[in-house]
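J.: coords please:
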Amino acid sequence: MHEKLEFLLALAREKHFGRAAQVCGVSQPNLSAAIKQLESLLGVPLVDRSARFLGFTPEGERVLEWARRIVGDTRAMRADIETMKQGLTGHLRLAVIPTALPVVSRLTAAFWKSHPGIKLTISSHTSTEVLSLLDNLEADAGLTYLDSEPLGRVTEVSLYRERFHLVTTVDGVFAGRATVTWEEVATLPLCLLTPDMQNRRIIDRIFKDAGVPVEPILESSSIVVLASHVRTGSWSTVMPKIMAEELALPPHVVAIPIVAPEMSNLIGLVVARRDPQPPLTTALIAEARALAPALAAIA
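T.: Prediction:
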């Protein structure tokens, strides 16, 4: 049963029988047969299929929810037993929204210092993708917004608030200003994240509420690309204060608080809700809670 549920999860991720079989290390006929056996066992069709994968039936979607829970708990149990035998080991996968990437090293450095030898993988994703990766057991934890979108079945640890600043050159239009307004920021040639990013959607909403919808000159999914273009002196951008500081921008670039309105959004750690938690995520939660006051103080 467990193997069949793993196959079902792979099919949900890959949305293609051949790719799912390859990921699972079996032939496509064997994967298809296993899923048909699961359908026979449960007495309902799980997959809409013709010559190719078309999606899941309503019953299949419900079984997927149970499969994620069962497989996740089974993996957590195995990790727990391994920890009892040989201490904390393994591989921790973190999915992080772009604006938190410059900050995540504070968490991973503290975690690795306490638990050397753990392998870490960090990948950049939209907030929606972060939650999807957690659901599909492709990530162990995420850093994302806690107060902007429904999070589902997760455990949260609040870390810091994003407070928006205009990042621009010291000889720009607003040189020497203590603050700027969103209306003033909209007059500048801006480079911003792409609209699929939650940070961009938040910024667009603030501009709209301020009565100044904005069209950026340049869009990118990469914070590094935005920062490099601001360095040229031709563009400005909007980013959280903590991110601007972590990027160590050159002296000719300044970060000016944006007011009217002054907005902030809560960033935190999320992990799938389980009791007990796997040992690696339990340790990560402890590090995040210990680090949160320091991050909140500088954000």
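J.: CA only for contacts and neighbour counts going forward, please
T.: Fine.
J.: Count the residues that sit near residue 29.
T.: 11 (other Cα atoms under 10 Å).
J.: so which strand or helix has it?
T.: When elements are assigned from DSSP states H and E, residue 29 belongs to helix 28-42.
J.: Identify the single longest strand in this protein, thanks.
T.: In the chain, assigned by DSSP state E, the strand with the most residues is strand 154-169.
J.: in the helix holding residue 29, what counts as buried?
T.: 28, 31-32, 34-36, 38-39 (16 or more other Cα atoms under 10 Å).
J.: for the host helix or strand of residue 80, packing partners?
T.: For residue 80, the element it lies in under DSSP H and E is helix 58-86. Counting contacts by 3 or more Cα pairs under 8 Å, 6 or more residues apart in numbering; DSSP states H and E, helix 58-86 packs against helix 2-14, helix 279-298.
J.: Measure how far the longest one is from the centre of its chain, please.
T.: Going back to what we said before, that points to helix 279-298. Here helix 279-298 is found 16 Å from its chain centre; the criterion is Cα atoms, centre = their mean, to the nearest Å.
J.: same deal with stretch 175-189?
T.: 29 Å.
J.: pull the CA atoms of it into PDB?
T.: Provided in PDB are the C-alpha atoms of stretch 175-189 (Å, rounded to 0.1, in the frame of the first residue of the first chain):
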ATOM      1  CA  ALA A 175      18.500  62.300  -2.200                       C
ATOM      2  CA  GLY A 176      18.700  63.200   1.400                       C
ATOM      3  CA  ARG A 177      15.100  62.500   2.100                       C
ATOM      4  CA  ALA A 178      14.200  60.800   5.400                       C
ATOM      5  CA  THR A 179      11.000  59.200   3.900                       C
ATOM      6  CA  VAL A 180       9.200  59.100   0.600                       C
ATOM      7  CA  THR A 181       5.600  58.300  -0.300                       C
ATOM      8  CA  TRP A 182       4.300  55.600  -2.500                       C
ATOM      9  CA  GLU A 183       3.000  58.300  -4.900                       C
ATOM     10  CA  GLU A 184       6.500  59.700  -5.200                       C
ATOM     11  CA  VAL A 185       8.000  56.300  -5.700                       C
ATOM     12  CA  ALA A 186       5.700  55.700  -8.600                       C
ATOM     13  CA  THR A 187       7.300  58.600 -10.500                       C
ATOM     14  CA  LEU A 188      10.600  56.800 -10.800                       C
ATOM     15  CA  PRO A 189      11.800  54.200 -13.400                       C
END
